[in-house]
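*Asks:* Sharing a model that was predicted from the sequence below.
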Amino acid sequence: MDAAEVERFFTRSDGSYLFARWGRPIAPIVFGVEDATLAVVKGALEAVCAMAGHHMAETDPELGTNVMMFFFRDWNELLHVPDLDRLIDGLAPLVAKLSAAEANQYRVFRFDEAGAIKACFVFLRMDDVMSSQPAETLALSQVVQSVLLWSDTAFTDRSPLGQLEDGRVVLRPEIGALIRAAYDPVMPAMADDPAHALRLSARIQVAHGGAN
């Protein structure tokens, strides 16, 4: 993956470049699913964090939990979640906007003083498209999209996941390599200069060369 390809993943639709990774261990909680699905989601988080060299925790000392994932059937259900309007600014107009757009997913990030991710809220409306996906596929896709601050257009043309010949769905190798490079300790937790993509590309090439 060259620098231009890397840059595309973090260049937003308004033309600005913005990258961020988690600056603290991830402490998740999942609402609206059965225990079996909860285990799948946490398993996906554990797998991606292990691949990235990042950590998970039972609790976040500041927030308690810092990844909140909501599964529901109708956007208006969010208006009845206790105290959610205190966590998400402008919740009511956001719900109205997402309902009107018939959206089936949305993510809200919060950042610390250094610009690193400190919290992520993942909202999934289980419409026919979402409900048709295996739990493992849905969980892995959402975790990948929550582990970095990707561009709002990063995966509009192509999913971060791929399918093996035996039918299993896995993370595309180039996306995995990009996540590992992003979590390299020598890399910054936040960047808004496109030159950052050059450094990411260089880390990927070094890692690829070292694997051969």
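*Replies:* Received, thanks. Numbers count the residues shown, from 1 in each chain.
*Asks:* Show me what the strand ranked longest in the chain is packed against.
*Replies:* When the chain is parsed with DSSP state E, its longest strand is strand 117-125. Counting contacts by 3 or more C-beta pairs under 8 Å, 6 or more residues apart in numbering; DSSP states H and E, strand 117-125 is packed against strand 67-72, strand 105-111, helix 135-147. For glycine as for every other residue, the C-beta is placed from the backbone atoms N, C-alpha and C.
*Asks:* Next, format these as JSON lines and append distance to residue 204.
*Replies:* Shown next, in JSON lines, are the helices and strands packed on strand 117-125 (distance: least, C-beta to C-beta, whole Å):
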{"stretch": "strand 67-72", "distance to residue 204": "26"}
{"stretch": "strand 105-111", "distance to residue 204": "24"}
{"stretch": "helix 135-147", "distance to residue 204": "16"}
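*Asks:* Of these, which is nearest residue 183?
*Replies:* helix 135-147 (8.5 Å; C-beta to C-beta).
*Asks:* which residues touch that closest one?
*Replies:* The set of residues external to helix 135-147 that reach it, using C-beta atoms under 8 Å, 6 or more residues apart in numbering, is 21-22, 36-37, 40-41, 43-45, 47-49, 52, 54, 67, 69, 105, 107, 120, 122, 124, 130, 133, 155, 159-161, 169-171, 175, 179.
*Asks:* could you redo the last one with a cut-off of 7 Å?
*Replies:* Residues outside helix 135-147 that contact it (C-beta atoms under 7 Å, 6 or more residues apart in numbering) are 22, 37, 40-41, 44-45, 48, 52, 67, 69, 107, 120, 122, 124, 130, 155, 159-161, 169, 171, 175, 179.
*Asks:* just to revisit the earlier point, how about TSV for the helices and strands packed on strand 117-125, with mean pLDDT, mean neighbour count and distance to residue 28 added?
*Replies:* TSV is the format used below for the helices and strands packed on strand 117-125 (pLDDT from 0 to 100; neighbours: other C-beta atoms under 10 Å; distance: least, C-beta to C-beta, whole Å):
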stretch	mean pLDDT	mean neighbour count	distance to residue 28
strand 67-72	96	21	4
strand 105-111	96	16	13
helix 135-147	94	21	9
